[in-house]
Each structure stands twice: as C-alpha cells, then as structure tokens.
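S.K.: no sequence on hand, only this structure:
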C-alpha cells in the first residue's frame, strides 16, 4: 500500500472553489503549505538517498544504518561478549536514531557524580562529552553527535555474571 502526494496546482478544484470568505490567516497558512520544499521532505523523511528504500525514521534508513554499525563492530568492545552481542543486536535492529544502545568508554564522560545504589550496582549522573547521534546535518547528509548530554550511568557489581534479567532492565 502506498500514498502518492501531489503538489496542488491552481487548476485543482479545491483551490478554485475556496470561498472568498476564507480568512487571510487561513489563506496564508494554505499558501505556506503549498510552498513547502517537497524535495527536502522526500530526502529527509521518505526515501533513503543511499539505497532508495523507504526510511524508517526521521533521516534514518534501518538498512543503511545497520550496515554502518556493523562496519564499526570490530573497533569496540565492552569486554563482555554477551553485552557486546546485546548492543550489536540493538544497533542492527534500530528503526530510529533513538532505538539503539552504544558502548561508550568511561573516559568520554565528565562530571561523574554518585546518585544512589541500585539492584545491580551504583548509579551515577554524568555528562557524555560527544552526545548521541541525533542531529541531522543537511549539508553532509549524515547524522552527527549533538554535543554534551546529561546521562545516567550504572556500575555493575559482578559484571562477569550478567543475566538476561539485567539486560532487559537496561533496555526497558
């Protein structure tokens, strides 16, 4: 099932039959909508500029981003095979820029402060220096990091004994 969007023209009956009593504000809103840059919308929301497939989120193509993540797999590790696999699965299956986990080395955090103790270890607040890849750079046509972001960190007691329950707690 698909939808075809067509930019209305002055010959369309909807525009020619609009009553003259339309308020100037409404008329201005209609004209503003009709002048939207549909090429920008198509690039950003609809079709991936790399593979041509429909995007799954704002400037996010699940297939292309999954390939990008996979190319980086050999370049990082948490030190725990189960955690690495868990993170990699979240990256391969991400449908939007907010749907995946990322391994971030401790040295990329600043202002780390103790908050509380939790079921699996201690909880801290900190600032992630680079921040997540949530911003879209229109000129480079790629996602870029947003800069410092306040985050919550959880230290793991007995991290070599990670359970599926713990990983589910992290995800949800």
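M.R.: Yes, it's here. Keep in mind that what you see is a predicted model, and the values were worked out from it rather than measured.

S.K.: what's residue 135 sitting at in phi/psi?
M.R.: phi -80, psi 150 (degrees, to the nearest 10).

S.K.: that one pairs with what?
M.R.: residue 144 (DSSP bridges).

S.K.: if I look at it, how far off is residue 96?
M.R.: 14 Å (Cβ to Cβ, to the nearest Å). For glycine as for every other residue, the C-beta is placed from the backbone atoms N, C-alpha and C.

S.K.: how about residue 142?
M.R.: Distance of residue 142 to residue 96, given as Cβ to Cβ: 15 Å.

S.K.: more crowded one of these two?
M.R.: residue 96 (15 against 12; other Cβ atoms under 10 Å).

S.K.: show me what contacts the closest residue to the more buried one other than its chain neighbours?
M.R.: Nearest in space to residue 96, with sequence neighbours left out and distances taken as Cβ to Cβ, 6 or more residues apart in numbering, is residue 57 at 3.3 Å. Residues in contact with residue 57 (Cβ atoms under 8 Å, 6 or more residues apart in numbering) are 95, 96, 97, 99.

S.K.: what of residue 112?
M.R.: 124, 125, 126, 153.

S.K.: can we see that at 7 Å?
M.R.: Neighbouring residues of residue 112 by Cβ atoms under 7 Å, 6 or more residues apart in numbering: 124, 126, 153.

S.K.: now do residue 135
M.R.: 143, 144, 146.

S.K.: the strand ranked longest in the chain: partners in the sheet, and parallel or antiparallel?
M.R.: Within the chain, and with DSSP state E defining each element, the longest strand by residue count is strand 109-117. Sheet pairing here is set by DSSP bridges, and for strand 109-117 it gives strand 122-128 (antiparallel).

S.K.: where in the chain is pLDDT low?
M.R.: 1-23, 29-45, 159-160, 169-172 (pLDDT under 70).
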